[in-house]
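*Asks:* Any chance you can model this:
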Amino acid sequence: MSELSFRARQILYAAVTEFVATGEPVGSRTLSKRGIELSPASIRNVLADLEEAGFLHQPHTSAGRVPTDKAFRLFIDALMEVQKVSKVDDERIRSRLRDVSPNQSLMRETGRLLSELTGSAAVVVAPRPDTLTLKHLRFIRTLPGEVLAVLVMSNGEVQNRFLRAQVDEDTLGKIHTLLDDVSEGRSLGELQELFARRLASERVQHDALRKQAFELGEAAVARVGAERAAEVVIEGRGKLLEQIGFTDASDMKGAVSALDETERLVNLLDQTLAADGATVVVGREAGELGGGQLAIVRAAFTSGARSSGSVAVIGPTRMDYPKVLPLVEATASAVSAVIGRASHPSPSHDDDD
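*Replies:* Modelled structure (predicted):
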């Protein structure tokens, strides 16, 4: 920031906001009509200085100038004034997600809502397996030497896993009672640690029932975490392609391919799990994703006190950041609230059971 004078920042701000609004290269005459009290010649001089400093580039000699990733980064970090989410949009977000029915996917509905609100593509990465909160765990005898583990998560998701075990019906009832006392309201990650700790204790090693209960519990939650990949929901693909600036065939191809690179998207969104509020990745900051023509506004949502998943909007670098950032942040907050209400964590657990 210190490298730019007040006048330069004023003109850069005007150039960025004009480009966001129109998608067209910005010239000195256009900026002079926006209330900047400088002659077109003086504005041209500042534009030339900004271009030399790497904030603007000129597609053609006779054309106006276009903001670079460096310009957008300065705009996001220091120049823009983030809008507040309107009361209408805030209530729409909270009520829409609060009223998701059991047969609907919270992640899918979140993506649809965020795409509608921003007019672009939305990505939601579901909670990582180890952050899901367990509501019920039951084992059902199937074949001799085999049981079916049924895990019901607090978000309504059900996971089934077959496990090897020799156990009778009476013992299963006692195992369910033991596990109910320690498992409800804990995340799968917490349960993995708990079961490992219990099995390492001398008391459990000398108690056949407890040992079998915790071995079955450990196998059930470990299998869920190991076998489930990150769930990625993408909504509004068509909206992304409708954005001004994607009229070129190569740009459109890059945008489409970017939404198919789910592993890279998950890695980018995972980087926001520790961040406070919404963050932005602009252009080449995301590597070659979308040929450097895209921006990602992302925010984490939580399960309990832990960040567990992310929501994001993907659009052209000339995204309306002051509007999109608070919408993404408000949506992440609403998802956290829904997950929190569904979890109903127990006030405390006695680790000495």
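*Asks:* which stretches of the stretch 1-150 of the chain form helices?
*Replies:* Applying DSSP state H, counting those that start in this stretch to the stretch 1-150 of the chain gives helices spanning 6-22, 28-32, 40-52, 69-74, 87-98, 106-118.
*Asks:* dump the residue contacts of the closest residue to residue 265 other than its chain neighbours.
*Replies:* With C-beta to C-beta, 6 or more residues apart in numbering as the criterion, residue 265 has its nearest non-adjacent residue at 5.9 Å, and that residue is residue 123. Heads up, the C-betas are built off the backbone N, CA and C, glycines and all. The contact partners of residue 123, by C-beta atoms under 8 Å, 6 or more residues apart in numbering, come to 111, 232, 233, 234, 259, 265, 269, 310, 311, 312, 313, 314.
*Asks:* Quick check, central residue of this structure?
*Replies:* residue 310 (1.7 Å; C-alpha atoms, centre = their mean).
*Asks:* Could you verify that it is part of a strand?
*Replies:* Yes: under DSSP: H, G, I helix; E, B strand; the rest coil, residue 310 sits within a strand.
*Asks:* tell me which residues of stretch 109-127 are tucked away?
*Replies:* Neighbour counts over stretch 109-127 (16 or more other C-beta atoms under 10 Å) mark 109-115, 117-127 as buried.
*Asks:* show me where pLDDT drops low in the stretch 201-350 of the chain?
*Replies:* 223-230, 244-255, 272-274, 304-307, 342-350 (pLDDT under 70).
*Asks:* can you give me the helices in it?
*Replies:* Going by DSSP H, counting those that start in this stretch, the stretch 201-350 of the chain shows helices at 202-205, 208-227, 237-242, 249-260, 262-270, 321-343.
*Asks:* Just name the most buried of these.
*Replies:* helix 321-343 (a mean of 21; mean count of other C-beta atoms under 10 Å).
*Asks:* Who are the packing partners of that helix?
*Replies:* The contact analysis (3 or more C-beta pairs under 8 Å, 6 or more residues apart in numbering; DSSP states H and E) places helix 321-343 against helix 87-98, helix 106-118, strand 294-303, strand 306-316.
*Asks:* what about those, which gets the closest to residue 189?
*Replies:* Among these, the nearest to residue 189 by C-beta to C-beta is strand 306-316 (8.2 Å).
*Asks:* what helices or strands is the closest one leaning on?
*Replies:* Short answer (3+ C-beta pairs under 8 Å, 6+ apart): strand 306-316 packs on helix 106-118, strand 121-125, helix 262-270, strand 294-303, helix 321-343.
*Asks:* for the record, mean pLDDT for the first one?
*Replies:* Across helix 106-118, the average pLDDT comes to 94.
*Asks:* Next one: the residue nearest to residue 265 from residue 238, what distance?
*Replies:* From residue 123 across to residue 238, the span is 15 Å (C-beta to C-beta, to the nearest Å).
*Asks:* For the helices and strands packed on strand 306-316, could you give me CSV that also reports distance to residue 88?
*Replies:* Converted to CSV, the helices and strands packed on strand 306-316 look like this (distance: least, C-beta to C-beta, whole Å):
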stretch, distance to residue 88
helix 106-118, 11
strand 121-125, 19
helix 262-270, 28
strand 294-303, 20
helix 321-343, 12
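*Asks:* out of the ones you listed, nearest to residue 11?
*Replies:* Nearest of these to residue 11, taken as C-beta to C-beta: helix 321-343 at 18.3 Å.
*Asks:* how near is residue 188 to residue 151?
*Replies:* Distance of residue 188 to residue 151, computed by C-beta to C-beta: 8 Å.
*Asks:* Likewise for residue 269?
*Replies:* Taking C-beta to C-beta, one finds residue 269 at 25 Å from residue 151.
*Asks:* Spit out the contact partners of the closest residue to residue 134 other than its chain neighbours.
*Replies:* Residue nearest to residue 134 in three dimensions, not counting chain neighbours: residue 183, with 5.4 Å by C-beta to C-beta, 6+ apart. Each residue near residue 183 by C-beta under 8 Å, 6+ apart is listed here: 134, 137, 191, 217.
*Asks:* Beta-bridge partners for the first one, please?
*Replies:* Same thing as residue 134. residue 153 (DSSP bridges).
*Asks:* Quick check: it touching residue 186?
*Replies:* Yes: contact status for residue 134 versus residue 186: in contact at 6.1 Å, counting by C-beta atoms under 8 Å.
*Asks:* Name the residue in these two with the higher neighbour count.
*Replies:* Using other C-beta atoms under 10 Å, the more surrounded residue of residue 134 and residue 186 is residue 134, with 24 against 20.
*Asks:* Look at the residue nearest to residue 265 and report its pLDDT.
*Replies:* 93.
*Asks:* For residue 92, list the residues it contacts.
*Replies:* Neighbouring residues of residue 92 by C-beta under 8 Å, 6+ apart: 113, 117.
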